[in-house]
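> here's my sequence, what's the structure:
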Amino acid sequence: MIDRTGAYSSGYISIENDEQAFVRAISSYLLMSDKELGLDTTIRQVDGRSIIKIVEDESGETKEIEIDPKPLIKPHRLTSRGTTCYRSLDDKYLVKYSWHGILGESETELLKKALPLKGVVNLVASDVIQNYSYHWECLKGFAPRRWHLTPKDQSLNYYDSSDSVFDTERREKYQFAEEGESTVFSVDNEYVFHRVVLSPYGRPLQSCTSVLQFLIVLRDAILGHRSLFIEKEIIHNDISDSNIIIVTPTEYDRSRGMLIDLDHSVALYDRMLSYLIRLPVGKIKFMAFEPLDAIKRPKARWNESFECSYSNDLVSFFNVFLTGCVEYGRDPDLPRMDLDSWCNNRIDENIQNKRNDILENFEELVNKKFSSSFVDAKELGKELQQLLFGLNRKPIEYLQNRYVKYNQIIQAFNKTIGQIEGEIHSKLHRS
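Next comes the predicted model:
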């Protein structure tokens, strides 16, 4: 049996010597209901339409939502959280399904504590669809054993490099396999299948139509991150271009950029904190140097705790900024530029390439690789680099006053945004 915790087997069964066991197994599958087979029964098909029923957390109101049956996001591998997202056809909601371990606070719990918070996506409804313990209860007598799926090397080839997600849980499972452990179900591999309905539904950061919009969206997401950290003591811990969305301002929240996906977020007050953050998670391309160095650690040090930091998230915002400046809005007739050298399959090369671009040859990166559409962001890039790395070219940590770095970065964005808006106003006035 293969599920999202890994691959398991009851042991060798000879079809020749035990034909009845084979027939019983096939018959059991044929007699199973959709739910017993593990199929999703929460999405109903009504006259060709895909419908889900939810109960709003705040009001208790029950409502039906029609969703686009084609998922916006779907998993690339089985041994993962299995995150799958759908949009509602009225573009008001994002519906997200994903598996979570029971240790630490779930995304649902963190989102509830984040309400109401400007610049962070809102939780509309949440429920638990199923959990592994229910299915495993009937299998205890078979003493299922884990298959040994040992990676051949410590390169990054054993995770999906297309989205460059470093999955802590997956690495730990490979570690167990290397040690030759055969495991049965326990609380340590209990998983819960959550569904959350989020609002507003937004457009991806890559769909920005101007440098001004890009900078405003990024600034508003940083403001949301500051509120999440300072007011709620939650570190997002997975900043990337796919976790920042473009939204339409409302009367309550004037933000035009918003943070989503608190799957890997950590609450600083969580008593399981030291266990939860043994290894960094997120997209390799946008990681700060400190988590990248932690990934590089030898296997003997994998169990050492890794300290999450708001400063690492701010560096990740900077990496998102640089990626946008280099890769977005390029003239299709000019040679393509990208920062894919930050996320190939060798962690040592990733770190060195990123150090060369950000620390050693930053002027060259700005002057030669920035898209012509982002000329107005060049000085901002230089200022952000100085704020984050200083003259010593090492990340600066403000331990005494955590407002300082946020305020400096936000002021830098505001200054550039004001200059661009002023230029636009002058051009309109002249015309």
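> helix/strand/coil for D270?
coil (DSSP: H, G, I helix; E, B strand; the rest coil).
> I'd guessed A221 sits against I244; true?
Yes: counting by CB atoms under 8 Å, A221 does reach I244; the two are 4.6 Å apart. Where C-beta positions appear, they are placed from N, C-alpha and C, glycine not excepted.
> give me the common contacts of those two.
257-259 (CB atoms under 8 Å, 6 or more residues apart in numbering).
> ok, so of those, who is nearest S227?
Set against S227, the nearest of the shared contacts of A221 and I244 by CB to CB is L259 (9.6 Å).
> thinking again about what came up before, neighbour-wise, give me the winner out of the shared contacts of A221 and I244.
L259 (27 neighbours; other CB atoms under 10 Å).
> can I assume that one is in contact with I244?
Yes: using CB under 8 Å, L259 is in contact with I244, at 6.4 Å.
> got the contact list for the host helix or strand of E383?
Assigned by DSSP states H and E, E383 belongs to helix 378-389. Defining contact as CB under 8 Å, 6+ apart, one finds that helix 378-389 is touched by 215, 311, 314-315, 318, 321-322, 325, 358-359, 362-363, 366-367, 370, 395-396, 405, 408-409, 412-413, 415-416.
> least confident secondary structure element in the protein?
When each helix and strand of the chain is scored by mean pLDDT, DSSP states H and E, helix 168-178 comes last, with a mean of 37.
> give me the contacts around the next helix or strand after that helix.
Using DSSP H and E, the helix or strand that follows helix 168-178 towards the C-terminus is strand 191-199. When contacts are defined by CB under 8 Å, 6+ apart, strand 191-199 is touched by residues 4-5, 42, 52, 54, 65, 92-102, 106-108, 111, 121-132, 260.
> before we move on, the earlier item: list residues touching both of L259 and I244?
What both L259 and I244 touch, as defined by CB under 8 Å, 6+ apart, is the set A221.
> show me where the stretch 151-300 of the chain dips below the pLDDT cut-off.
151-189, 271-278 (pLDDT under 70).
> which residues in it form helices?
168-178, 211-232, 273-276, 289-295 (DSSP state H, counting those that start in this stretch).
> cool, the stretch 1-150 of the chain as well?
So, for the stretch 1-150 of the chain - with DSSP H, counting those that start in this stretch - the helices run 19-31, 107-114, 132-136.
> tell me which of these sits nearest to N344.
When those are ranked by proximity to N344 (CB to CB), helix 107-114 comes first, at 29.6 Å.
> before we move on, the earlier item: filter the shared contacts of A221 and I244 down to the ones in strands?
Using DSSP state E, the subset of these located in strands is 257-259.
> what's the closest of those to S240?
Closest to S240, out of all of these and judged by CB to CB, is L259, at 10.6 Å.
> quick one: the closest one from D313, how far?
From L259 across to D313, the span is 10 Å (CB to CB, to the nearest Å).
> hey, what's in contact with both of the two?
The contact lists of L259 and D313 share 225, 236, where a contact means CB under 8 Å, 6+ apart.
> tally of neighbours for the closest residue in space to R254 that isn't next to it in sequence?
Excluding its sequence neighbours, the residue lying closest to R254 (CB to CB, 6 or more residues apart in numbering) is K118, at 7.7 Å. Neighbour count of K118, defined by other CB under 10 Å: 15.
> need the pLDDT of K118.
Confidence at K118, expressed as pLDDT, is 93.
> got the contact list for it?
Contacts of K118 (CB under 8 Å, 6+ apart): 223-224, 227, 252-255.
> quick one, domains of this protein?
1-101+122-199, 203-431 (automatic domain parsing).
> deepest-packed of the helices of the stretch 1-150 of the chain, please.
Burial of the helices of the stretch 1-150 of the chain is given as mean neighbour count (mean count of other CB atoms under 10 Å); helix 107-114 ranks first at a mean of 19.
> which secondary structure elements does that helix contact?
strand 122-131, strand 191-199, helix 211-232, strand 234-235 (3 or more CB pairs under 8 Å, 6 or more residues apart in numbering; DSSP states H and E).
> could you redo the last one with a cut-off of 6 Å?
Using 3 or more CB pairs under 6 Å, 6 or more residues apart in numbering; DSSP states H and E as the contact criterion, no secondary-structure element is in contact with helix 107-114.
> quick one: average pLDDT of that helix?
91.
> same question, stretch 367-374
For stretch 367-374, the per-residue pLDDT averages 94.
> residues in contact with it?
By CB atoms under 6 Å, 6 or more residues apart in numbering, the residues outside stretch 367-374 that reach it are 211, 325-326, 329-330, 337, 378.
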